[in-house]
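> Structural data only, the sequence is not supplied:
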């Protein structure tokens with residue numbers, strides 16, 4: 001019902017909408033309309049009411065409840081089912097449990113705050129309440145396990161495209177799972193799977209986006225390394241709109257991937273990547289490889305050519321872009 005109400009106000013920006021029109025469109029009594037309007041006010045929406053005019057949406061809150069996200073969705077399945085928490089330990093933990101319980105593809109878990117968020121290699125992902133986006137998407141692709149890293153790269157492309165469309169901000173992708181803005185980390189992506197050796201049962205894609213933090217909101221250890229959309233844009237960004245935009249782009253690219261394979265996704269990823277066509281250091285668990293990043297394979301593996309002309313296939317590493325060739 002809240003989703004329907006918000007859609008009506010979105011279709012009549014800045015205008016009064018009569019209670020009678022609302023009751024007809026949502027299919028409930030005018031008394032029920034008043035109750036739902038009151039619920040929206042409790043969620044942080046400023047709504048003006050006037051006799052013989054009806055209701056007018058003055059300003060939105062910055063909530064990320066399911067009804068606020070779904071207003072902006074154009075998807076057919078991604079994000080159509082949402083599990084929401086005001087606070088939780090990790091959306092990844094919850095998504096894994098839901099996947100084991102059999103929820104369908106496209107189910108999304110969203111949290112207003114994470115207390116035990118995690119990134120790649122078990123690192124912490126800081127998520128201050130009401131400032132960022134923490135969500136996990138459940139997929140059930142028909143893929144062999146070795147192909148699942150492709151979905152990390154697909155997700156990065158979806159996020160970059162969504163941010164560009166919504167805010168006009170251009171971001172960069174750093175292999176394998178970081179989205180950077182002005183050289184600082186804006187987005188982290190974590191892909192995990194539930195699988196047998198030869199079959200994927202589900203893939204859980206965790207996405208963390210810094211949206212409305214200010215510098216002091218970040219842990220002191222990362223204040224010089226992280227940024228947010230609000231810091232760069234100079235104004236607050238509606239998190240629900242960001243979520244909707246990302247899910248819309250994700251479904252479009254995912255459908256393309258399922259239909260045509262990784263080729264086009266690979267092209268889009270390389271076009272937005274700062275890791276390809278440059279010299280870099282790849283710090284793996286065993287050693288440090290310095291060389292020129294030639295591109296990625298069809299499995300999303302980074303190809304680095306060292307100074308002796310030997311190619312190295314990097315499956316997992318921390319990447320540092322070199323200031324110049326050495």
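Great, that's in hand. None of these values were measured; they are calculated from a predicted model.
> contacting residues for the nearest residue to residue 277 once chain neighbours are set aside?
Nearest non-adjacent residue to residue 277, counting by Cβ to Cβ, 6 or more residues apart in numbering: residue 293, 6.7 Å away. Glycine gets a C-beta too; all of them are placed from N, C-alpha and C. Residue 293 is in contact with 175, 275, 276, 277, 278, 279, 280, 302, 303, 304, counting by Cβ atoms under 8 Å, 6 or more residues apart in numbering.
> pretty sure the fourth one is in a helix, no?
No: following the definition DSSP: H, G, I helix; E, B strand; the rest coil, residue 277 is coil and is not counted among the residues of a helix.
> contacting residues for residue 138?
Counting by Cβ under 8 Å, 6+ apart, residue 138 makes contact with 95, 98-99, 103-109, 202-204.
> hmm, I was thinking of residue 149
Residues near residue 149 by Cβ under 8 Å, 6+ apart: 176, 191, 299, 300, 301, 315.
> Among these, name the ones in strands.
Using DSSP state E, the subset of the contacts of residue 149 located in strands is residue 191.
> would you list every one of the strands in the protein?
Remark: strands assigned in the chain by DSSP E are 46-50, 54-59, 82-85, 108-111, 132-139, 172-174, 178-181, 184-196, 199-210, 279-283, 288-296, 302-305, 311-314, 318-321.
> Let's have those strands in a markdown table, adding distance to residue 73.
Listed next are the strands of the chain as a markdown table, based on distance: least, Cβ to Cβ, whole Å:
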| stretch | distance to residue 73 |
| --- | --- |
| strand 46-50 | 22 |
| strand 54-59 | 19 |
| strand 82-85 | 10 |
| strand 108-111 | 10 |
| strand 132-139 | 13 |
| strand 172-174 | 24 |
| strand 178-181 | 21 |
| strand 184-196 | 20 |
| strand 199-210 | 16 |
| strand 279-283 | 37 |
| strand 288-296 | 30 |
| strand 302-305 | 33 |
| strand 311-314 | 36 |
| strand 318-321 | 33 |
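> any chance of those in a markdown table, plus distance to residue 147 and mean pLDDT?
Compiled in a markdown table, these are given as follows (distance: least, Cβ to Cβ, whole Å; pLDDT from 0 to 100):
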| stretch | distance to residue 147 | mean pLDDT |
| --- | --- | --- |
| strand 46-50 | 47 | 88 |
| strand 54-59 | 45 | 88 |
| strand 82-85 | 27 | 97 |
| strand 108-111 | 22 | 97 |
| strand 132-139 | 12 | 97 |
| strand 172-174 | 19 | 95 |
| strand 178-181 | 21 | 95 |
| strand 184-196 | 10 | 94 |
| strand 199-210 | 8 | 96 |
| strand 279-283 | 22 | 94 |
| strand 288-296 | 13 | 94 |
| strand 302-305 | 16 | 96 |
| strand 311-314 | 15 | 95 |
| strand 318-321 | 21 | 90 |
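> Figure out which of these is closest to residue 25.
strand 54-59 (12.0 Å; Cβ to Cβ).
> Tell me the buried residues in the closest one?
Across strand 54-59, burial judged by 16 or more other Cβ atoms under 10 Å covers 54, 55, 56, 57.
> Taking these, tell me the two that lie furthest apart.
Among the buried residues of strand 54-59, the pair separated by the greatest distance (Cβ to Cβ) is 54 and 57, at 11.0 Å.
> Which one of the buried residues of strand 54-59 is nearest to residue 71?
Relative to residue 71, the closest of the buried residues of strand 54-59 is residue 57; by Cβ to Cβ it sits at 11.4 Å.
> on that earlier part again, tell me which of the contacts of residue 138 is nearest to residue 270?
residue 203 (22.1 Å).
> That closest one: how many residues sit nearby?
Residue crowding around residue 203 was assessed by other Cβ atoms under 10 Å; the count is 24.
> ok now do it, which residues does it touch?
138, 139, 140, 141, 143, 148, 151, 191, 192, 193, 194.
> what does residue 27 give?
Per Cβ under 8 Å, 6+ apart, neighbours of residue 27: none.
> So what does it look like in phi/psi?
phi 80, psi 40 (degrees, to the nearest 10).
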